[in-house]
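Enquirer: Need coordinates for the following:
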Amino acid sequence: MQQQISVITLGVADTQISRHFYTEGFGWTPVFEKPEIIFYQMNGFILGTFRKDALEADMNRTGLRQAGAFSLAHNVTAKEEVIPLMERLVEVGGRMIRPADAPPHGGFRGYVTDPDEHAWEIAWNPVWPIDERGHVTFGT
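Expert: The predicted structure is shown next:
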């Protein structure tokens, strides 16, 4: 079986607040929008933001928890891009949870949450090349 992720869907309180964060912060363009869900075409998968109550109905579950023990990452091509992107994300509704610094394993990173507290690592890693399509390759 092929190793892939097709769609990552985040439960959000308000799709329009979330939309503002992702379009104005990251500069992403939605490819599909309804009041309860917005999809973004990413590099090889789709990111969805789904109003939490509608996601619960779609899954036939109740009591979905807000963000927890996971983080998403957005890698950039240069160390100098990390801090300006983090600042822009905070300006459009995100929250800084860890200022950028150099971790022991190398590179440069910090963490910001979206308006629904989903953690985003904004990172530069000199041994993880990013190709022209935005695909990152694990390197050591």
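Enquirer: Would you mind writing the CA trace of stretch 32-39 as CSV?
Expert: This file holds the C-alpha atoms of stretch 32-39, laid out as CSV (Å, rounded to 0.1, in the frame of the first residue of the first chain):
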residue,chain,number,x,y,z
PHE,A,32,-13.9,24.7,-2.3
GLU,A,33,-16.0,26.6,0.1
LYS,A,34,-19.4,26.0,1.8
PRO,A,35,-20.5,27.6,5.1
GLU,A,36,-19.4,24.5,7.1
ILE,A,37,-16.2,23.5,5.3
ILE,A,38,-13.4,24.9,3.3
PHE,A,39,-10.7,23.0,1.4
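Enquirer: So for it, what gets flagged as buried?
Expert: Buried residues in stretch 32-39, counted by 16 or more other CB atoms under 10 Å: 36-39. For glycine as for every other residue, the C-beta is placed from the backbone atoms N, C-alpha and C.
Enquirer: What helix or strand is the closest residue to residue 62 other than its chain neighbours located in?
Expert: Spatial nearest neighbour of residue 62, excluding adjacent residues (CB to CB, 6 or more residues apart in numbering): residue 56 at 5.5 Å. For residue 56, the element it lies in under DSSP states H and E is helix 52-59.
Enquirer: That helix: which residues count as buried?
Expert: 52, 54-55.
Enquirer: May I have it as CSV, with CA atoms only?
Expert: C-alpha atoms of helix 52-59 as CSV (Å, rounded to 0.1, in the frame of the first residue of the first chain):
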residue,chain,number,x,y,z
LYS,A,52,-16.7,21.3,14.5
ASP,A,53,-20.5,20.6,14.9
ALA,A,54,-20.7,19.7,11.2
LEU,A,55,-17.6,17.5,11.5
GLU,A,56,-19.1,15.7,14.4
ALA,A,57,-22.3,15.1,12.4
ASP,A,58,-20.3,13.8,9.4
MET,A,59,-18.3,11.4,11.6
